[in-house]
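Participant: Structure, please.
(one chain, ligands or ions: 1)
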Amino acid sequence: MKRLTITGLTAILLATTMTAQIQLREDNIDEVLKAMTLEEKAQLLVGGGNAGFVGSGAMMGHQEKLVAGAAGITVAIPRLGIPATVLCDGPAGVHIDAKRKGDSQTYYATGFPVGTCLASTWNTELVEQVGQAIGNETLEYGCDVILGPGLNLHRSPLCGRNFEYYSEDPVVTGMIGAAVTKGIQSQGVGVSIKHYAVNSQETARTKVDERVSQRALRELYLKGFEIAVRQSDPWTVMSSYNKVNGTYAQGHKDLLTTILRDEWGFNGIVMTDWINKRGDLPVRQEVEAGNDLMMPGYPAQVKDIIDDVQAGRLDIKEVDRNVRNMLEYIVKTPRFKGYPFTNKPDLKAHAEITRQSSTEGMVLLKNNGCLPLTPSKKRGDSEAPSLLGEGGGRGYTVALFGVNSYDFFSGGLGSGCVNVPYVVDMVTGLKNVGVSTTPLLTEIYQSYVKYARAKLKADKNPMMWFLDQGQPKLDEIEISERCVQHEVKEADAAIVTIGRQAGEGIDRRIDGEFNLSQMEQDMIFRVSDQFHAEGKPVIVIINSGSVMETASWRDRVDAILCAWQPGEEGGNSVADVLTGKTNPSGKLTMTWPIAATDHPSTKNFPQDLDMYSYREMKGWGAGIPNEDYTNHEEDIYVGYRYFDTFQREVAYPFGYGLSYTTFEMKDERLKMKDDCVEVSVTVKNTGSVAGKEVAQVYVSAPKGTIEKPAQELKAFAKTRTLQPGESQTLTMQIAKRDLASFDEAGSQWLAEAGTYTFRVGASSRDIRTTASVKIGAYAEKVHNVMAPKEPLHLLKRS
Ligand code: BGC
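Facilitator: Coordinates of the predicted model:
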């Protein structure tokens with residue numbers, strides 16, 4: 001026993017002295033790997049703890065918080081010149097603490113538009129610029145990786161984190177995700193595309209088994225990740241909490257290695273989403289699956305790796321492979337390179353980028369001619385001059401209803417929030433363009449918001465931790481008939497802001513969240529009745545990260561602008577669109593259904609469950625549908641793939657968005673080029689003001705052996721600003737491979753031979769021109785992996 005101990009000690013001492021000189025460089029990773037002890041290797045695979053988690057980092061002695069409020073760190077091994085690296089949250093900006101103890105400097109970060117708003121620009125160039133600004137803040141605040149973009153699909157309008165994600169469509173998701181990634185990584189820091197994969201609900205997210213067909217998995221849920229990996233080479237991928245077809249994503253070798261690395265060629269690191277050691281998922285399974293980094297990191301995980309290697313349960317080769325990945329990641333980081341970060345990014349310049357990108361992401365859903373706002377315009381009169389003409393609209397007054405006019409949401413709740421220096425509310429945004437608000441109503445709401453914020457702080461519910469991260473929703477106040485009677489006399493128009501808040505850990509309810517509350521409905525109806533009686537317009541601003549019900553009330557108002565959660569410049573961006581300074585060009589990246597239940601996924605989505613009391617009643621692991629498992633019975637029929645194929649009415653279709661001008665799309669041409677179809681189309685501004693338009697290419701496949709949706713988006717492009725009468729020809733390439741469906745029987749991507757129709761339009765329901773071409777078959781074998789363990793009753797077209 002004694003002899004053994006001495007031998008062990010001698011070995012460690014020897015290893016230490018022999019390798020004392022080795023310091024990590026880009027070109028000596030093999031040597032460093034050889035010099036590492038098992039303990040050091042295990043530590044490098046486990047994060048350095050998260051201050052928010054009791055007993056994690058503190059026990060390991062790696063708890064140093066290099067950047068206050070960052071989500072986590074990787075462990076330093078000074079003996080080998082391996083620095084700790086810092087991972088901060090995103091995706092809408094750098095999520096770190098704005099204030100530090102004993103430090104008078106502030107560390108506010110820019111609040112950029114949330115994912116849905118960014119994606120709604122359909123402008124990959126602009127999105128890349130936003131990425132550059134986010135990357136620059138990541139770098140200048142001393143972080144190495146920002147945890148975003150979020151590439152999960154909007155399977156359901158009720159998912160609490162839809163605001164962080166881009167779309168119900170994988171091509172939009174992948175292309176916007178790749179653009180953000182390129183932008184961020186151009187600054188020398190990394191992204192973490194997340195949450196890989198099928199993290200489409202927040203309820204029971206750490207245990208739910210997402211049961212999904214191989215086809216829907218490949219074509220929808222993995223596709224956005226595949227595009228981002230192939231096009232933008234992300235440094236890291238975050239594996240999600242949930243199971244996919246019976247196996248935790250974090251321990252799923254087929255997901256993390258066979259598909260991600262072997263098929264797509266990913267060569268960065270995979271880290272887990274933030275979770276402790278699980279009772280039912282051995283750490284060694286995570287290591288073997290290809291999870292290089294366990295976050296936030298717990299001592300028990302380090303110990304397990306060491307014990308498992310020593311007991312022969314875990315092959316050291318698996319550990320070494322992951323350690324090598326980690327070292328390859330570390331040598332790329334600014335921390336390793338000793339970048340002298342300033343803690344002073346150019347917040348002013350980034351605010352300008354925010355304002356520009358959020359105005360471009362806002363979607364004008366309805367306009368009966370009252371927008372852009374004009375000084376003398378009456379309801380239904382669309383010919384009056386713009387507010388921005390001479391005089392700048394001075395003297396124009398609006399009555400501003402709805403709490404979120406005064407407490408405007410820049411972003412969502414949870415890890416995806418940003419500690420922003422300010423949020424421009426509607427009062428300020430309108431004031432900045434010369435529009436005033438009625439004084440009494442403004443004062444009442446502003447006082448109420450002060451009170452409600454203080455009250456919320458005082459009543460803090462410890463279970464609602466995410467309310468501390470971001471701006472929680474304040475209760476609306478009742479707007480009486482008498483109040484409206486007073487306001488209608490004072491104002492030229494009414495603006496009603498309807499705010500929705502959502503975030504990590506909780507899904508949205510239908511009542512009062514997807515739908516209007518009774519109080520909101522009363523407010524809209526009372527305001528519109530009285531303002532319309534006086535010939536004055538009513539405009540609704542939707543300040544929400546995701547979709548909501550509009551069909552029951554939209555006829556009562558004159559215009560609806562979906563402003564999303566557009567970042568810190570919110571009120572300014574809304575004012576830019578309302579006044580016509582910016583002509584709206586945002587398009588929906590998800591269908592707005594008439595009712596939430598119209599989506600076939602709603603049948604298999606957690607609804608109105610009170611997470612905590614429900615669990616107490618039923619207990620964990622009791623086989624509760626949509627908590628313990630969720631069956632994706634709608635299969636590939638997510639979003640417009642369902643509504644267009646099954647010809648169901650919608651409130652606003654996928655791809656939809658109005659402009660203050662009109663566009664024509666013509667001269668569509670198809671050219672076969674090697675393995676690609678080149679689609680070109682000419683877009684002409686046929687209206688009277690300058691604007692931008694998005695050409696969306698939907699493909700209808702020939703009838704073959706595989707069932708296909710009626711049409712699928714395969715490419716899109718946005719014009720530059722076109723002056724009235726000006727045209728631009730847009731050219732897009734679609735690889736034959738991208739026309740393929742996933743054929744489960746043959747484990748292959750298969751595009752069947754036949755005539756394909758390329759339908760180019762301004763939304764999935766507004767096709768302007770079509771052209772067809774005969775294409776030969778394309779087949780590409782892939783691994784037969786990740787099949788569901790039990791049969792699913794899948795929705796079929798016929
Ligand atoms: C979230 C991730 C986030 C991580 C670190 C998790 O709970 O799901 O999106 O990046 O926490 O804060």
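Participant: hey, let's count contacts and neighbours off CA atoms from now on
Facilitator: Noted.
Participant: And for Gly131, the neighbour number?
Facilitator: Residues near Gly131, counting by other Cα atoms under 10 Å, number 28.
Participant: now swap in Ser447 and tell me
Facilitator: 11.
Participant: Mind checking what secondary structure it has?
Facilitator: Put simply, Ser447 is helix when judged by DSSP: H, G, I helix; E, B strand; the rest coil.
Participant: State the pLDDT value of it.
Facilitator: Looking at Ser447, its pLDDT stands at 98.
Participant: measure it to the ligand for me?
Facilitator: Distance from Ser447 to the ligand, counting by Cα to the nearest ligand atom, to the nearest Å: 34 Å.
Participant: Now the terminal residues of stretch 142-154, how far apart.
Facilitator: 32 Å (Cα to Cα, to the nearest Å).
Participant: Sorry, wrong one. I was asking about stretch 593-601.
Facilitator: Stretch 593-601: ends 12 Å apart by Cα to Cα.
Participant: Identify the residues contacting it?
Facilitator: 155-158, 510, 514, 549-551, 602-603, 632-634, 637-639, 642, 649-653 (Cα atoms under 8 Å, 6 or more residues apart in numbering).
Participant: which is the next helix or strand following the helix-or-strand element of the chain with minimal mean pLDDT?
Facilitator: Using mean pLDDT, DSSP states H and E, helix 57-60 stands out as the lowest-scoring helix or strand of the chain, at a mean of 39. Going down the chain from helix 57-60, the next helix or strand is strand 72-73, by DSSP states H and E.
Participant: so what secondary structure elements neighbour that next one?
Facilitator: strand 86-89 (3 or more Cα pairs under 8 Å, 6 or more residues apart in numbering; DSSP states H and E).
Participant: CA-only coordinates of the strand it packs on in CSV, if you can.
Facilitator: Extracted C-alpha coordinates of strand 86-89, given in CSV (Å, rounded to 0.1, in the frame of the first residue of the first chain):
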residue,chain,number,x,y,z
VAL,A,86,-15.3,32.7,-20.6
LEU,A,87,-18.7,31.8,-22.0
CYS,A,88,-21.4,34.4,-21.8
ASP,A,89,-25.0,34.2,-22.7
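Participant: That strand near the ligand anywhere?
Facilitator: Yes: Strand 86-89 is in contact with the ligand by Cα under 6 Å from any ligand atom, via Asp89.
Participant: What's the mean pLDDT across that strand?
Facilitator: Mean pLDDT, computed over strand 86-89, is 97.
Participant: For that strand, what is the distance to the chain centroid?
Facilitator: 17 Å (Cα atoms, centre = their mean, to the nearest Å).
Participant: Same question for stretch 126-133.
Facilitator: Taking mean C-alpha positions (Cα atoms, centre = their mean), stretch 126-133 and its chain are 15 Å apart.
Participant: near the ligand, which residues of the chain?
Facilitator: Ala71, Asp89, Leu147, Asp273, Trp274, Ser415.
Participant: what helix or strand does the last one sit in?
Facilitator: Right, Ser415. Secondary structure (DSSP H and E) places Ser415 outside all helices and strands.
Participant: Quick one: neighbours of the residue nearest to it when sequence neighbours are not counted, just the number.
Facilitator: Nearest residue to Ser415 in three dimensions, chain neighbours excluded: Asp89, at 6.2 Å (Cα to Cα, 6 or more residues apart in numbering). For Asp89, the neighbour count with other Cα under 10 Å is 27.
Participant: go on, Lys781?
Facilitator: 12.
Participant: ok, now Asn685?
Facilitator: Residues near Asn685, counting by other Cα under 10 Å: 23.
Participant: Report the beta-bridge partners for it.
Facilitator: For Asn685, the beta-bridge partners under DSSP bridges are Phe663.
Participant: OK, contacts around it?
Facilitator: Counting by Cα under 8 Å, 6+ apart, Asn685 has contacts Thr661, Thr662, Phe663, Glu664, Gly691, Leu722, Gln723, Pro724, Gly725, Glu726, Ser727.
Participant: go again using 10 Å as the cut-off
Facilitator: 661-665, 691-693, 721-728 (Cα atoms under 10 Å, 6 or more residues apart in numbering).
Participant: Can you get me a residue count around the residue lying closest to Asp425 once chain neighbours are set aside?
Facilitator: Of all residues not flanking Asp425 in the chain, Gly571 sits nearest, at 4.6 Å (Cα to Cα, 6+ apart). By other Cα under 10 Å, the residues close to Gly571 number 27.
Participant: how much space between Ser186 and Val319?
Facilitator: Counting by Cα to Cα, the gap from Ser186 to Val319 is 30 Å.
Participant: Just want to know which of the two has more residues nearby.
Facilitator: More neighbours surround Val319 than the other of Ser186 and Val319, with 23 against 15 (other Cα under 10 Å).
Participant: out of everything not next to it in sequence, what's closest to the more buried one?
Facilitator: Per Cα to Cα, 6+ apart, closest to Val319 is Val287, 6.8 Å.
Participant: Report the contact partners of the one you found.
Facilitator: Here Val287 is in contact with 45, 250-253, 293-294, 305, 314-315, 318-319, 321-322 (Cα under 10 Å, 6+ apart).
Participant: now Ile636
Facilitator: The neighbours of Ile636, taking Cα under 10 Å, 6+ apart as the test, are 212-213, 215-221, 642, 708-709, 794-796.
Participant: State the distance from it to Asp209.
Facilitator: 18 Å.
Participant: swap in Tyr656?
Facilitator: The value you get for Tyr656 to Asp209, if Cα to Cα is used, is 34 Å.
Participant: same thing with Asn432?
Facilitator: Counting by Cα to Cα - Asn432 and Asp209 are separated by 50 Å.
Participant: which SS state does the residue of the stretch 251-400 of the chain found nearest the ligand fall under?
Facilitator: Distances between the stretch 251-400 of the chain and the ligand by Cα to the nearest ligand atom are smallest at Trp274, namely 4.9 Å. Of the three states, Trp274 takes coil under three-state DSSP.
Participant: so what's it up against?
Facilitator: Residues counted as contacts of Trp274 (Cα under 10 Å, 6+ apart) are 47, 49-50, 71-72, 206, 238-241, 294-297.
Participant: will you turn these into a markdown table that also has neighbour count and distance to Tyr451?
Facilitator: Below are the contacts of Trp274 laid out as a markdown table (neighbours: other Cα atoms under 10 Å; distance: Cα to Cα, whole Å):
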| residue | neighbour count | distance to Tyr451 |
| --- | --- | --- |
| Gly47 | 33 | 41 |
| Gly49 | 31 | 37 |
| Asn50 | 25 | 33 |
| Ala71 | 24 | 31 |
| Gly72 | 29 | 35 |
| Thr206 | 20 | 36 |
| Met238 | 28 | 40 |
| Ser239 | 28 | 41 |
| Ser240 | 24 | 39 |
| Tyr241 | 26 | 38 |
| Met294 | 31 | 42 |
| Met295 | 25 | 39 |
| Pro296 | 26 | 37 |
| Gly297 | 31 | 40 |
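Participant: List just the nearest of those to Leu400.
Facilitator: Ala71 (38.0 Å; Cα to Cα).
Participant: so what pLDDT did the closest one get?
Facilitator: 94.
Participant: looking at it, it is touching Gly297, isn't it?
Facilitator: No: Ala71 lies out of contact with Gly297 (Cα atoms under 10 Å); the separation is 11.2 Å.
Participant: If we go by neighbour counts, what in stretch 82-96 is buried?
Facilitator: Going by neighbour count (16 or more other Cα atoms under 10 Å), the buried part of stretch 82-96 is 82-96.
Participant: I'd like the next helix or strand past the helix or strand that contains the residue nearest to Val319.
Facilitator: Val287 belongs to helix 283-289 when assigned by DSSP H and E. On the C-terminal side of helix 283-289, the closest following helix or strand by DSSP H and E is helix 299-310.
Participant: Please state the offset of that following helix from the chain centre?
Facilitator: 35 Å.
Participant: Report the buried residues of it.
Facilitator: Pro299, Gln301, Val302, Asp304, Ile305, Ile306, Asp308, Val309.
Participant: Next: stretch 590-605.
Facilitator: 590-596, 598-605.
Participant: quick one, phi/psi of the residue in the stretch 101-250 of the chain that the ligand sits nearest to?
Facilitator: Using Cα to the nearest ligand atom, Leu147 is the residue of the stretch 101-250 of the chain that sits closest to the ligand, at 5.1 Å. Phi and psi for Leu147, reported as degrees, to the nearest 10, are phi -80, psi 80.
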